[in-house]
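**Q** Next comes the sequence, and after it the predicted model I'd like to discuss.
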Amino acid sequence: MTRTAYEIKLNDGTTVSLRLTLGGQINLKKRHKVENALAVFFTAMDDPEVCADLLTEALNYTGNTNTIQDGAELYDLLVDSGYADSDDFVPLLTSIACISGLLSEARKEALDKLANRLADTSELFNDEEETDAKN
């Protein structure tokens, strides 16, 4: 059986299913004035407001059984469940993009690895800046 949505279980026991339909992709493209839906995913990786908007669309696909319908509420529950920065949100977003047909599994994995490398590099530069500021 083919999966039709990406499912996650929150610490409070709630399970949510996420999928971005073509209609949802078009809505996001129009609202965020971008050329393609994937651009919204990239923006959502470091913009919580865009991430919440994307999550709202992904929660509300036809046939969903989600008790949560608002992306901002889900975002807060994800944080309460331990999600933080790109280490957790990038794989979540790329998983939604993959299940929704925007990314192949291979590209999803490549983007996740790239995001981890960028985060590691950013931390390296921040450590150097903190050391320079102390001197």
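**A** Yep, it's here.

**Q** so which helix or strand takes in the residue nearest to the spatial centre of the chain?
**A** Centroid check for the chain by CA atoms, centre = their mean gives residue 93 as the closest residue, at 2.5 Å. Element membership for residue 93 (DSSP states H and E) is helix 85-99.

**Q** how about that helix: buried residues?
**A** Across helix 85-99, burial judged by 16 or more other CB atoms under 10 Å covers 86, 89-99. In short, each C-beta sits where N, CA and C put it, glycine included.

**Q** which one among these gets closest to residue 20?
**A** Minimum distance to residue 20 across the buried residues of helix 85-99 is 6.0 Å, recorded for residue 96 (CB to CB).

**Q** Give me the distance between the closest one and residue 14.
**A** Residue 96 sits 17 Å away from residue 14, going by CB to CB, to the nearest Å.

**Q** again with residue 104
**A** Separation of residue 104 from residue 14 (CB to CB) stands at 29 Å.

**Q** Comparing these two, which shows the higher neighbour count?
**A** A count of neighbours by other CB atoms under 10 Å puts residue 14 above the other of residue 104 and residue 14, at 14 against 11.

**Q** Which residues are in contact with the more buried one?
**A** Shown in contact with residue 14 (CB atoms under 8 Å, 6 or more residues apart in numbering): 67-68, 77.
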